[in-house]
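Enquirer: Okay, here's the prediction I keep looking at, along with the sequence it came from:
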Amino acid sequence: MRIVNTLRVALTGLALIGAVSAYAQMDKRSQYEGSAATVVDDKGNLRVPFDYRTAYR
């Protein structure tokens with residue numbers, strides 16, 4: 001029974017190490033981080049391209 005408990009603790013530890021290392025490697029920046037600056041001006045108004053109506057119809 002002692003071997004089973006030791007293996008259980010070891011597997012739990014390995015899973016914890018794997019989860020922590022996977023979380024550390026995640027990209028924490030948003031994929032949309034840079035796109036808001038090109039759409040919104042300094043006053044918070046949305047800007048649309050001059051050919052908006054022809055391009056999206």
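Expert: Right, received. Where do you want to start?

Enquirer: so Pro49 is in which element?
Expert: Assigned by DSSP states H and E, Pro49 falls within no helix or strand.

Enquirer: Over to Ala10?
Expert: Judged by DSSP H and E, Ala10 forms part of helix 2-24.

Enquirer: How many neighbouring residues does Met1 have?
Expert: 5 (other C-beta atoms under 10 Å). For every residue, glycine as well, the C-beta is placed using N, CA and C.

Enquirer: So, low pLDDT: which residues of this protein?
Expert: Within the chain, the segments meeting pLDDT under 70 span 29-38, 55-57.

Enquirer: let's see it at 50
Expert: Of all residues in the chain, none has pLDDT under 50.

Enquirer: circling back: from the chain's centre, how far out does the helix holding Ala10 sit?
Expert: Chain-centre distance of helix 2-24: 25 Å, with C-alpha atoms, centre = their mean, to the nearest Å.

Enquirer: Counting by contacts, list what that helix packs against.
Expert: Applying 3 or more C-beta pairs under 8 Å, 6 or more residues apart in numbering; DSSP states H and E, one finds that helix 2-24 contacts no other helix or strand.

Enquirer: Flag every buried residue along it.
Expert: By neighbour count with 16 or more other C-beta atoms under 10 Å, helix 2-24 contains no buried residues.

Enquirer: Touching that helix from outside, list them.
Expert: By C-beta atoms under 8 Å, 6 or more residues apart in numbering, no residue outside helix 2-24 reaches it.
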